[in-house]
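> have a look; sequence and predicted model below, questions after that.
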Amino acid sequence: MDSLSLRTKVITEINLFPEDKLAELYHFIHYFRLGVEISQVSPNPTMQFAGCWYNMSDEMFADFNAEINTRRQQAFLGRRSDEASLD
């Protein structure tokens, strides 16, 4: 089936939809289309971690953040002071 006749069939079905359900149908179609568009975009690999701390308690997050700071300090202790110099 070509896309034009399929589009015509979809529009025909939409025209037959009850008036009081059109808002729901619109939202369904709109978000379905957005989902298709988003799935076609290749996300940045780093974004796979987005929201991974969502369920973490404030106390656990504070501990986690402190651990990160400690590790960063330890990692940079061995660097020479002139290593990042632009001179």
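Good, I have the coordinates.
> and the helix or strand where Phe32 lies, average pLDDT?
Using DSSP states H and E, Phe32 maps to helix 22-40. Helix 22-40 comes out with an average pLDDT of 84.
> what's the answer for stretch 51-71, then?
Mean predicted lDDT for stretch 51-71 stands at 86.
> relative to the whole chain's centre, how far out is that stretch?
Relative to the mean C-alpha coordinate of its chain, stretch 51-71 is positioned 21 Å out (C-alpha atoms, centre = their mean, to the nearest Å).
> export only the CA atoms of that stretch, formatted as PDB.
C-alpha atoms of stretch 51-71 as PDB (Å, rounded to 0.1, in the frame of the first residue of the first chain):
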ATOM      1  CA  GLY A  51      18.500  10.200  35.800                       C
ATOM      2  CA  CYS A  52      20.500   7.300  37.200                       C
ATOM      3  CA  TRP A  53      20.600   9.000  40.600                       C
ATOM      4  CA  TYR A  54      16.800   9.700  40.600                       C
ATOM      5  CA  ASN A  55      16.000   7.100  43.400                       C
ATOM      6  CA  MET A  56      19.100   7.900  45.500                       C
ATOM      7  CA  SER A  57      18.400   9.300  48.900                       C
ATOM      8  CA  ASP A  58      19.900  12.700  49.800                       C
ATOM      9  CA  GLU A  59      22.200  11.100  52.300                       C
ATOM     10  CA  MET A  60      23.500   8.500  49.800                       C
ATOM     11  CA  PHE A  61      23.900  11.200  47.200                       C
ATOM     12  CA  ALA A  62      25.900  13.400  49.700                       C
ATOM     13  CA  ASP A  63      28.200  10.400  50.500                       C
ATOM     14  CA  PHE A  64      28.600   9.600  46.800                       C
ATOM     15  CA  ASN A  65      29.500  13.300  46.000                       C
ATOM     16  CA  ALA A  66      32.000  13.300  48.800                       C
ATOM     17  CA  GLU A  67      33.600  10.100  47.500                       C
ATOM     18  CA  ILE A  68      33.900  11.600  44.000                       C
ATOM     19  CA  ASN A  69      35.600  14.700  45.500                       C
ATOM     20  CA  THR A  70      38.000  12.600  47.500                       C
ATOM     21  CA  ARG A  71      38.900  10.500  44.500                       C
END
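> if anything else comes up later, I'll come back, but that's it for now.
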